[in-house]
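> My questions concern the predicted model and sequence given below.
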Amino acid sequence: MKLNWKRKIQATLTLIIIGWATPVLSTPIHLLIDFLGNVQVKKAEWKDFIQAESVTTLSGEDEVMLGNNASVTVYCSDRNKWKVEKPGTYFVSEGCPEGKGVIRLCPDCNNQTIRFPGLREEKLKELPFLISPRYTTVFNDSLTIRWNEVSGATNYTVKVEGLEGEWEGETKENQIVYDGKLVSGRWFDVEVSADSGITSTNEYLNHNYGWFFVLKDEEAKVLREQVAVINQQELSQEQEGLILAYFYRGNRLNFEAIEVLEGLVKSGSRTATVYQLLGDTYQRVGLNLMAKKVYQQGLALTVEEERSEVKAMMQLGLGVVEYVLGNRDEAAEWLEKARVNYLVLGKRLNKEDEELINDVLGKD
């Protein structure tokens, strides 16, 4: 049985509209990866300095302030490190050049299509929804396809279809190794069916997430070389993982970013940014159930934090996820908390977030 041609057309149009098949120039970011002593940060849109947090994203217009006997290390977008050990206030642009860098913001992180209400939480849990590779570009490597385990299902059929034909496999597990052909510069559609008669495509009400795109050979070569440089630098496992995750997200390699971040979580990371970034990436590819869980884990690490951008970002993310899952009361609670914390930081939410919060809270 062939995959639905309507879904194939939708996936093709999605590629054309958001330009997944071509490189996208986005804003370079710098990462505060290490600090000792009294180090504070002030982003351009904040009213005050606040205590630094591990792996804070920075732009050239942001400032860092060091007290006596303090030090800070910033990983610049061009993959060089900037270390400051003298008291004072510094613009990040003093140590990290602006312009073309390889660590960049993801080009479509604020894609509003992920914020339409979808299947309610209890219904979604019953589906073999695709976990990975999902709504992502990939290298031309062997892939393990994963999906949600369905209660009562004893067998799954997995179909992968591209312009070169269709691949099919069966398993009793909730994952399978795809050993079919991966053609560079082509997209592939994935469908998982449980023997109970339900399929992963039952998830898609407003947006199709069940596809991936294989990088063109030349682009893949360049990105691999950049990854190799990061791997060879003197970084801790967590620093390297977070830098790679931002790098992958900036190049729409959601599959790779999720694998790296899931590895850090499994290793017992206590850095809230790891959970915030993984939750954001799950949310970006429509994995709202998984985003909900990881946001909750991350927020548990920030209980004592009074002014924390990472905390506010996770509260906002959790509010969006609860809204999409149909839990309006829970969404309202988290979105209001996020609004309050952003006000404490002196930062205004963007127009889309404000509109969502006002809609959920019933405000004009």
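Sure, I can see it.

> What separation is there between residue 218 and residue 225?
Look at residue 218 and residue 225: by C-beta to C-beta, to the nearest Å, they are 11 Å apart. C-beta coordinates here come from the backbone N, C-alpha and C atoms, glycine included.

> again but with residue 345, I slipped
With distances taken as C-beta to C-beta, residue 345 is found 38 Å from residue 225.

> quick one: furthest residue from the center of the chain?
For the chain, the largest distance from the centre (C-alpha atoms, centre = their mean) belongs to residue 68, which lies 36.2 Å off.

> ok, now which ones touch the closest residue to that residue other than its chain neighbours?
With C-beta to C-beta, 6 or more residues apart in numbering as the criterion, residue 68 has its nearest non-adjacent residue at 5.4 Å, and that residue is residue 87. Taking C-beta atoms under 8 Å, 6 or more residues apart in numbering as the definition of contact, the neighbours of residue 87 are 66-68, 70.

> and the residue farthest from the centre of the chain, which of the three is it?
Using DSSP: H, G, I helix; E, B strand; the rest coil, the secondary structure recorded for residue 68 is coil.

> which ones are touching it?
If you count contacts by C-beta under 8 Å, 6+ apart, then residue 68 has 37-38, 87 around it.

> In a strand, residue 166, correct?
Yes. Following the definition three-state DSSP, residue 166 is counted among the residues of a strand.

> ok, it - how many residues close by?
Burial of residue 166, expressed as a neighbour count using other C-beta atoms under 10 Å, amounts to 15.

> State the pLDDT value of it.
Per-residue confidence (pLDDT) for residue 166: 90.

> picking up where we left off before, for the residue farthest from the centre of the chain, report the pLDDT, please.
In this model, residue 68 is scored at 96, pLDDT.

> One more: residue 9?
At residue 9, the pLDDT recorded in the model is 45.

> List the neighbouring strands of whichever helix or strand residue 137 is part of plus their orientation.
Mapping residue 137 onto the secondary structure by DSSP states H and E places it in strand 136-138. Based on DSSP bridges, the pairing partners of strand 136-138 within the sheet are strand 211-214 (parallel).

> what's the very next helix or strand once past the strand it pairs with packed up against?
Using DSSP H and E, the helix or strand that directly follows strand 211-214 along the chain is helix 217-231. The criterion is 3 or more C-beta pairs under 8 Å, 6 or more residues apart in numbering; DSSP states H and E, and the helices and strands that helix 217-231 contacts are helix 237-250.

> How about residues contacting the helix it packs on?
Here helix 237-250 makes contact (C-beta under 8 Å, 6+ apart) with 26, 29, 31, 33-34, 55, 57, 75, 102-107, 109, 226-227, 230-231, 233, 235, 254, 256-257, 260-261, 263-264, 267, 269, 271, 273-274, 277-278, 281, 284.

> List the contacts of stretch 258-275.
Residues external to stretch 258-275 that are found in contact with it (C-beta under 8 Å, 6+ apart): 53-56, 132, 237-238, 241-242, 244-245, 248, 277-278, 281-282, 285, 294-295, 297-299, 301-302, 308, 310-311, 314.
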